[in-house]
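Visitor: Sequence and predicted structure are below.
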Amino acid sequence: MASNRCLLVLLCIASQAIVATHGFIEGLYCGTENCYDILGVTRESSRGEISKAYRKLAKKWHPDMHRGKEAKEEAVVMFQKIANAHEILKDDEQRADYNYMLDNPEEYYTHYYYYYRRRMAPKVDVRIVIVVTITIISAVQYWGMWNNYNTAIKYLSREPKYRNQAMEIAKSQGLINTNKKRDRRNKEEIREEEDRIIKEIIAEKMDIRGGYSRPKYTDVLWVQLILSPYTLILYIHWWLRWIWKFTICREEYGEEEKCYLIRKFMKLSQTQWDALEEADKELYLEEELWIKENFTEWKRQQEEEMKAKMAESAKYKMYRRYMKKGGPGQMTFGPD
């Protein structure tokens, strides 16, 4: 059995070697036929001569020029061969790969690589694909930011606290008619007008931060990529300035540097830091959390307070009992 397998492998290798020595490989280019012979041209023929021979043969073997089932089937096969040979020889790079295969028939697997590398390569310029992809991402990103912002405005306009404040501002500025009896519009129109005015006042007066803040064109991916060299220069300048002032000259940190260190220790982005209340920021500065030791101690205290609150929570106690009894894998019959 083992000897039969070895013999089969040797036969396969031998057959591949025999095919390769002739310069033709089944499944590559024109298969076991010569592309030049199919078109009736030579390797020295120019591109114009190849195109001329193709047009002549294509006219001769076009399926519409033949009648009868057998004749039409033969014409289809020949027409496909002619078109395939012309497709290979009209392209200079693909023609060069084909000539290399004819000159080096022993490099069997190399010819497969060159052939499928071109066949599987994208037909569209990669640069166009990148530009279109970035444009789509930027458009979706910009739409998402505006959608989040409008969602925040809509939410705040429905909250009684903010709605009442906006209503008072609108009345004081005379934007809303307080005498509704003289207003001839129906209730629906009056309500829509009030909602529009309230949303405009909230959008103007409210300082919405974080992921729901008002979109900026500088947040779009395209703009960030264009400004990336400038941003990199600013970062290098900031980093060199930090090294010079606080590492070499050992100057004291300013408020901006203190806030940066606190934000770094808390692992917050600039947007998340900006979304914090000013009172919280002042508290962090009072506790000197820009010092690593102070921040470590503050974090430990926060974790202990959180554990104490969770220990007093009835839901957390129920959850701990649930996990002690087996968690999701347990079987229960009624309430605990």
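Guide: Arrived safely.

Visitor: Enumerate the positions of stretch 144-156 that are buried.
Guide: Within stretch 144-156, the residues that qualify as buried by neighbour count (16 or more other C-beta atoms under 10 Å) are 145, 148-149, 152-153, 156. Just so you know, the C-beta spots here come from the backbone N, C-alpha and C atoms, and that holds for glycine as well.

Visitor: Among those, which one lies nearest to residue 68?
Guide: Sorting those by how near they are to residue 68, with C-beta to C-beta, puts residue 145 at the top with 66.9 Å.

Visitor: I'd like the distance between the residue lying closest to the closest one once chain neighbours are set aside and residue 40.
Guide: Of all residues not flanking residue 145 in the chain, residue 215 sits nearest, at 3.8 Å (C-beta to C-beta, 6 or more residues apart in numbering). As judged by C-beta to C-beta, to the nearest Å, residue 215 and residue 40 stand 65 Å apart.

Visitor: now swap in residue 201 and tell me
Guide: Distance of residue 201 to residue 40, computed by C-beta to C-beta: 82 Å.

Visitor: Of these two, which one has the most company?
Guide: Set side by side, residue 201 and residue 40 show more neighbours around residue 201, with 21 against 15, by other C-beta atoms under 10 Å.

Visitor: Now residue 128: which helix or strand?
Guide: Using DSSP states H and E, the secondary-structure element containing residue 128 is helix 126-158.

Visitor: what is the mean pLDDT for that helix?
Guide: Computed over helix 126-158, the mean pLDDT rounds to 89.

Visitor: can you give me how far it is from the chain middle?
Guide: Relative to the mean C-alpha coordinate of its chain, helix 126-158 is positioned 13 Å out (C-alpha atoms, centre = their mean, to the nearest Å).

Visitor: Beyond it, next helix or strand please.
Guide: In N-to-C order, the element after helix 126-158 by DSSP H and E is helix 160-172.

Visitor: Which positions within the helix or strand just after that following helix qualify as buried?
Guide: Sequence order places helix 187-205 as the next helix or strand after helix 160-172, per DSSP H and E. Neighbour counts using 16+ other C-beta under 10 Å place 194, 197-199, 201-203 of helix 187-205 among the buried residues.

Visitor: From those, pick the one nearest residue 34.
Guide: Relative to residue 34, the closest of the buried residues of helix 187-205 is residue 203; by C-beta to C-beta it sits at 73.7 Å.

Visitor: Could I get the pLDDT score of that closest one?
Guide: pLDDT, residue 203: 81.

Visitor: and it, what does it touch?
Guide: Residue 203 is in contact with 153, 214, counting by C-beta atoms under 8 Å, 6 or more residues apart in numbering.

Visitor: show me the contacts for the residue nearest in space to the middle of the chain.
Guide: Residue closest to the average C-alpha location in the chain (C-alpha atoms, centre = their mean): residue 137, at 6.7 Å. Residues near residue 137 by C-beta under 8 Å, 6+ apart: residue 221.

Visitor: Residue 244: neighbouring residues, count only.
Guide: By the measure other C-beta under 10 Å, the count of residues near residue 244 is 11.

Visitor: repeat for residue 39
Guide: Here the count is done by other C-beta under 10 Å, and residue 39 has 25 residues near it.

Visitor: again, but for residue 57
Guide: Tallying neighbours of residue 57 according to other C-beta under 10 Å, which is how burial is gauged here, yields 20.

Visitor: what's the pLDDT at it?
Guide: For residue 57, the pLDDT comes out at 92.

Visitor: So the residue nearest to residue 145, which state does it fall into?
Guide: Using DSSP: H, G, I helix; E, B strand; the rest coil, the secondary structure recorded for residue 215 is coil.

Visitor: Would you confirm that it contacts residue 147?
Guide: No - under the criterion of C-beta atoms under 8 Å, residue 215 is not in contact with residue 147, lying 9.5 Å apart.

Visitor: Can you give me the pLDDT of residue 181?
Guide: For residue 181, the model assigns a pLDDT of 57.

Visitor: With the one 4 residues further on instead?
Guide: What the model reports as pLDDT for residue 185 is 66.

Visitor: Number the chain from 51, please
Guide: All set: I'll call the first residue 51, so the last point we hit is now residue 235.

Visitor: and this protein, what are its domains?
Guide: 52-169, 176-271, 277-378 (automatic domain parsing).

Visitor: Tell me how many other residues surround residue 97.
Guide: When neighbours are counted by other C-beta under 10 Å, residue 97 registers 12.

Visitor: Now the helix or strand residue 164 falls within: buried residues?
Guide: Counting by DSSP H and E, the element that carries residue 164 is helix 158-169. For helix 158-169, the neighbour count (16+ other C-beta under 10 Å) marks 158, 161, 164-165 as buried.

Visitor: If you count contacts, what does that helix end up packed against?
Guide: helix 52-71, helix 142-153 (3 or more C-beta pairs under 8 Å, 6 or more residues apart in numbering; DSSP states H and E).

Visitor: rank the ones you listed by pLDDT, which is bottom?
Guide: Within the helices and strands packed on helix 158-169, the least confident segment by mean pLDDT turns out to be helix 52-71, at a mean of 44.

Visitor: how many other residues sit next to the spatially closest residue to residue 273 that is not a sequence neighbour?
Guide: Leaving aside its sequence neighbours, residue 273 sits nearest to residue 267 (C-beta to C-beta, 6+ apart; 5.7 Å). Other residues lying near residue 267 total 8 when counted by other C-beta under 10 Å.
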